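[1] Have a look at this prediction, sequence included:
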Number of protein chains: 2
Amino acid sequence: MRRSLADKIEQYIKVLIDRSGEDQIVIQRSELAETFACVPSQVTYVIATRFTIEDGYITESRRGGKGFVRIMRRQETNPFQQVKTLAAFVEDLLQKELIGKKEYGMLVYLLDYTCHNLEPQQQSEILMIIGSALSSFINSQPR
Amino acid sequence: MRRSLADKIEQYIKVLIDRSGEDQIVIQRSELAETFACVPSQVTYVIATRFTIEDGYITESRRGGKGFVRIMRRQETNPFQQVKTLAAFVEDLLQKELIGKKEYGMLVYLLDYTCHNLEPQQQSEILMIIGSALSSFINSQPR
DNA sequence: CAATTATAGTCAACAAATGTCAAAGAGGCG
DNA sequence: CGCCTCTTTGACATTTGTTGACTATAATTG
């Protein structure tokens, strides 16, 4: 696959963040532009399109002398934490008798299975979906 | 039987995928069109008609400079790739009393929810995961 | 404090792909 | 032939990437 300049810059930045050891880097836009022999606004473009909040990044910058661009990567929420939260939710449902023991057992199994057999990214995705589906299901039940 | 151009392009792509060794290729639509001396939209047609979700493929693309089309072949190892198959499976579980009415209701709800709130491709992935988790759950239950 | 210098941001024009859609063409079958 | 379905084509739309001129802001210097 032929990668665009924007792709390369994106990768480069991500490697820098990985190596930083603190989920964050501070760069100079003009410097990075020079590294890739492109106009500075290209870097701005990459940051604007590939390092958005939605992608899990927060950026910050300053113009003028000693200017910089800081890119922070949101720490991935610990999947274990996520599972625990969801498990606690399910537990609560059982307590309030909104679901029975059998459903409870099944849900716990599904959660556990998901936790142990998937890549983190997929894991987090499906946990979110199960979570919202479940919440929606509960709300749909008559009291 | 005379093979149409579309057929030839289809075969060509499938061979490429076979040779890739990773059930996936990334091509440029315009390039492939040039190879077959046809208009680019012909390639789009082939992909749209022969590489669908139902056929076991997931595609993804990007427009603009250095654009591409990625075609992934789903691995055939999981029996729960189709919503209907999964729904039927759940139905069967109820029949055989491996799950109760409540669990059944919940599962159907979750499946339905998933179906209606996700893009087809994500849907397919999630259903696969739920399917195998469920299958594993059933197998773990005492008879 | 004003001027200068050093950064970064914005925006519009252009370039480079892919997607959409409808019309025309080609075969197959009763 | 006439109809139906699938294929082929091309004009136009949309998305993404690249570049550069111009603008905004902060530090430094005289």
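    Looks like it came in fine.
[2] In chain A, what residue comes closest to DNA strand C?
    A:Gly67 (3.0 Å; CB to the nearest atom of the strand). For the C-beta atoms, the positions are set from N, CA and C on the backbone; glycine is no exception.
[3] Can you check which helix is longest in chain A?
    Secondary structure assigned by DSSP state H gives helix A:120-140 as the longest helix of chain A.
[4] so A:Ile71, which of the three states?
    With DSSP: H, G, I helix; E, B strand; the rest coil as the basis, A:Ile71 sits in strand.
[5] ok, the closest residue to it other than its chain neighbours - contacts?
    Closest residue to A:Ile71 apart from its sequence neighbours, by CB to CB, 6 or more residues apart in numbering or on different chains: A:Thr59 at 5.1 Å. Residues near A:Thr59 by CB atoms under 8 Å, 6 or more residues apart in numbering or on different chains: A:47, A:51, A:69-72.
[6] could you redo the last one with a cut-off of 6 Å?
    A:47, A:51, A:71 (CB atoms under 6 Å, 6 or more residues apart in numbering or on different chains).
[7] tell me which residues of the longest helix of chain A are tucked away?
    A:123-127, A:129-131, A:133-134, A:137 (16 or more other CB atoms under 10 Å in any protein chain shown).
[8] Give me every residue in chain A lying close to DNA strand C.
    Taking CB under 7 Å from any atom of the strand, the part of chain A that reaches DNA strand C is made up of A:2, A:27-31, A:40-41, A:43-45, A:48, A:61-69.
[9] coming back round to it: and the contacts of the longest helix of chain A?
    Contacting residues not belonging to helix A:120-140 are listed as A:79, A:82, A:86, A:98, A:114, B:109-110, B:113, B:126, B:129 [CB under 6 Å, 6+ apart].
[10] next one: phi and psi at A:Gly65?
    When read as degrees, to the nearest 10, the backbone of A:Gly65 gives phi -60, psi 140.
[11] How many neighbouring residues does it have?
    A:Gly65 has 5 neighbouring residues, counting by other CB atoms under 10 Å in any protein chain shown.
[12] A:Leu16 too?
    15.
[13] How about A:Leu110?
    By other CB under 10 Å, the residues close to A:Leu110 number 21.
[14] And A:Thr52, by the same measure?
    Neighbourhood size, A:Thr52 [other CB under 10 Å]: 12.
[15] got it, and the one 4 residues further on?
    The tally of other residues near A:Gly56 (other CB under 10 Å) stands at 13.
[16] next one: A:Ile27
    So A:Ile27, with other CB under 10 Å, has 18 neighbours.
[17] which residues touch the spatially closest residue to it that is not a sequence neighbour?
    Leaving aside its chain neighbours, A:Ile27 sits nearest to A:Val69 (5.4 Å; criterion: CB to CB, 6+ apart). A:Val69 makes contact with A:27, A:29, A:61 under the criterion CB under 6 Å, 6+ apart.
[18] For A:Val69, name its beta-bridge partners.
    A:Ile27, A:Ser61 (DSSP bridges).
[19] So what's the residue count around A:Ala87?
    When neighbours are counted by other CB under 10 Å, A:Ala87 registers 15.
[20] Do you know the pLDDT at the closest residue to it other than its chain neighbours?
    If the residues on either side of it in the chain are set aside, A:Ala87 comes closest to A:Leu111, at 6.0 Å by CB to CB, 6+ apart. As predicted, A:Leu111 sits at a pLDDT of 78.
[21] how many other residues sit next to the residue of chain A found nearest DNA strand D?
    Residue nearest to DNA strand D within chain A (CB to the nearest atom of the strand): A:Gly64, separated by 2.5 Å. A:Gly64: 5 surrounding residues under other CB under 10 Å.
[22] anything in stretch A:92-104 near chain B?
    Yes: interface with chain B: stretch A:92-104 contributes A:100, A:102-103 (CB under 6 Å from any CB of the partner chain).
[23] Which of those has the largest number of neighbours?
    Counting neighbours by other CB under 10 Å, A:Glu103 leads the residues of stretch A:92-104 next to chain B with 22 neighbours.
[24] these two touch, right, that one and B:Gly105?
    No: the pair A:Glu103 / B:Gly105 is not scored as a contact, 9.1 Å apart, by CB atoms under 6 Å.
[25] wait, what's in contact with A:Asp112?
    A:Asp112 is in contact with no residue at all, counting by CB under 6 Å, 6+ apart.
[26] so how far is stretch A:5-19 off the chain centroid?
    Here the centre of stretch A:5-19 is set off from its chain's centre by 17 Å, with CA atoms, centre = their mean, to the nearest Å.
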